[in-house]
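>>> Sequence plus the predicted model coming up.
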Amino acid sequence: MKSKVFFTNLHTGHGQNLLTKFEKLIIKAGIDNLSFENKFTAIKVHFGEPGNLAYIRPNYTKVLSDYVKSKKGRPFLTDCNTLYPGKRKNALEHLDTAYQNGFNPFVTGCNVIIGDGLKGTDETLVKIDMKHVKEAKIGHAIADSDIIISLNHFKGHVATGIGGAIKNIGMGCGSRAGKMEMHSSGKPTVITEKCRSCFTCLKSCAHDAIHEINGKAFINHTHCVGCGRCIGSCLFDAITPASDETNTILSEKIAEYTYAVLNGKQHFHISFVIDVSPYCDCHNFNDLPIVDDIGIFASSDPVALDKACADAVNEGRVIKGSMLEKNKKLKDYITTVNPKTNWIHSLEYACEIGLGSLEYDLISLDK
Ligand code: SF4
Ligand code: SF4
């Protein structure tokens, strides 16, 4: 069965700006079908790594949070901590980054809660018994919420081809251990040169897997269960996760995590196909976009939404001098930019596990 995906372009004029168009879009796309009264509503957004300027403008989140409040809902913005070193790897740095990039209550009209807590270990285990993931590890505040709204910046991604709704929800809502599970079938290791011998990590391990050897921390992989807690405990970024999963399995695991986040909850999804950078907003830079800005899409089906956005990018106007223009065209623009990825497989798998449909009707709000 086809899903409906709604679209508005970026043309504006007197009496109509991008914020009013955004509000009109979400209403037409059926956000009203959700019952918000007294419901904790998690608005999952990427706050952008400092230095990256392609992330969604926080002004849009105010429109959304005001709308949820007008329906007596309880909105908050959220994301989970990252697995890798950067400026979003614990709740304090993550909040600093969010505020620095404009996601503060004055601008957004609601609070920010880091979904998996101070060190990325505040998680809820969600049993799903799927092909790869038996029990997903989801940031507690997100698992605890009643409604999920994903606000996605659609762009390229080095491992998954596209960073859209499925990626924002699946990878983004995983706790640190959840992210470990998606990225790897392996265990973390200590980078000896970076280790300052503080041994804080020893206390973080519930499996007695970390020991001092020659004055440095060492992880015994026989005892390690790959929970990832030690990564967040090291203030010197000396513990590094493995990243040894194939892109195909990674994409399937992300879809399974998305299922774990959305299953049994009301949900709604919005994607901005603007500043379509070749890589995701986790990088502290954003290269020239690969195609011209296209517009804003919304749907209650995250798979159809990602497919519609990907199709729009693949039909977009190539930006001169971009990474896309410089590369030899493979089968589509998205794969050309990140050739080792298979974005369509990730959506096919998401469809197979019941997250949505690859078929859609695109309904434009513009004349
Ligand atoms: S917490 Fe980090 S710096 Fe301290 S001992 Fe462990 S690995 Fe080394
Ligand atoms: S990943 Fe978990 S089990 Fe393994 S060493 Fe770190 S804290 Fe211990």
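Thanks, I have the structure now. Ligands and ions are numbered 1, 2, ... in the order given.
>>> Quick one: list the elements packing against the helix or strand bottoming out on mean pLDDT in the chain.
Using mean pLDDT, DSSP states H and E, the weakest-scoring helix or strand in the chain turns out to be helix 229-233, at a mean of 81. Using 3 or more CB pairs under 8 Å, 6 or more residues apart in numbering; DSSP states H and E, the elements in contact with helix 229-233 are helix 176-183, helix 200-204, strand 239-240. Just so you know, the C-beta spots here come from the backbone N, C-alpha and C atoms, and that holds for glycine as well.
>>> winner for burial among these?
helix 176-183 (a mean of 25; mean count of other CB atoms under 10 Å).
>>> Check which helices and strands that one sits against.
strand 135-139, helix 229-233, helix 247-262.
>>> one more time with 10 Å
The contact analysis (3 or more CB pairs under 10 Å, 6 or more residues apart in numbering; DSSP states H and E) places helix 176-183 against strand 123-127, strand 135-139, helix 229-233, helix 247-262.
>>> Relative to ligand 2, tell me which of these wins on proximity.
Taking CB to the nearest ligand atom, helix 229-233 is the member of the helices and strands packed on helix 176-183 nearest to ligand 2, at 3.2 Å.
>>> any residue of the closest one up close to ligand 2?
Yes. Shown here: helix 229-233 in contact with ligand 2 (CB under 6 Å from any ligand atom) through 229-230.
>>> That helix: which residues count as buried?
Applying a neighbour-count criterion of 16 or more other CB atoms under 10 Å, one finds 229-233 buried in helix 229-233.
>>> just these that are near ligand 1?
Ser233.
>>> tell me which of the buried residues of helix 229-233 is nearest to ligand 1?
When those are compared against ligand 1 (criterion: CB to the nearest ligand atom), the nearest one is Ser233, at 5.8 Å.
>>> how about stretch 305-312: buried residues?
305-310, 312.
>>> still on that earlier bit, ranking the helices and strands packed on helix 176-183 by mean pLDDT, which is last?
The minimum mean pLDDT among these belongs to helix 229-233 (a mean of 81).
>>> what residues does the stretch 251-367 of the chain put near ligand 1?
Counting by CB under 6 Å from any ligand atom, no residue of the stretch 251-367 of the chain is near ligand 1.
>>> Which positions in the protein make contact with ligand 2?
187-188, 204-205, 207, 209-210, 219, 224-230.
>>> Going by neighbour count, which of these are buried?
187-188, 204-205, 209-210, 219, 224, 226-230.
>>> quick one: which of those is nearest His267?
Gly228 (26.2 Å; CB to CB).
>>> so the closest one touches Thr121, yeah?
Yes. Assessed by CB atoms under 10 Å, Gly228 is found in contact with Thr121 at 8.1 Å.
>>> Quick check: neighbours shared by the two?
137, 175-177, 204 (CB atoms under 10 Å, 6 or more residues apart in numbering).
>>> Now for those residues: which two are most distant?
For these, and using CB to CB, no pair is farther apart than Lys137 and Ser204, which are 15.8 Å apart.
>>> coming back round to it: any idea how far the least confident helix or strand of the chain is from the chain center?
Between the centre of helix 229-233 and the centre of its chain there are 21 Å (CA atoms, centre = their mean, to the nearest Å).
>>> go on, stretch 321-333?
Distance, centroid of stretch 321-333 to centroid of chain: 25 Å (CA atoms, centre = their mean).
>>> Span of it from start to end?
One end of stretch 321-333 to the other measures 14 Å (CA to CA, to the nearest Å).
>>> Show me which residues of it are buried.
322-324, 327, 332-333.
>>> How about residues contacting it?
Under the contact criterion CB under 10 Å, 6+ apart, stretch 321-333 has outside partners 156, 161, 276-279, 287-291, 310-311, 313-316, 318-320, 334-339, 343-344.
>>> Just the ones in helices from those residues, please.
310-311, 313-314, 334-337, 343-344 (DSSP state H).
>>> Secondary structure class of the most centrally placed residue in the chain, three-state.
With distances taken as CA atoms, centre = their mean, Asn168 lies nearest the centre of the chain, 2.2 Å away. The three-state label given to Asn168 by DSSP: H, G, I helix; E, B strand; the rest coil is helix.
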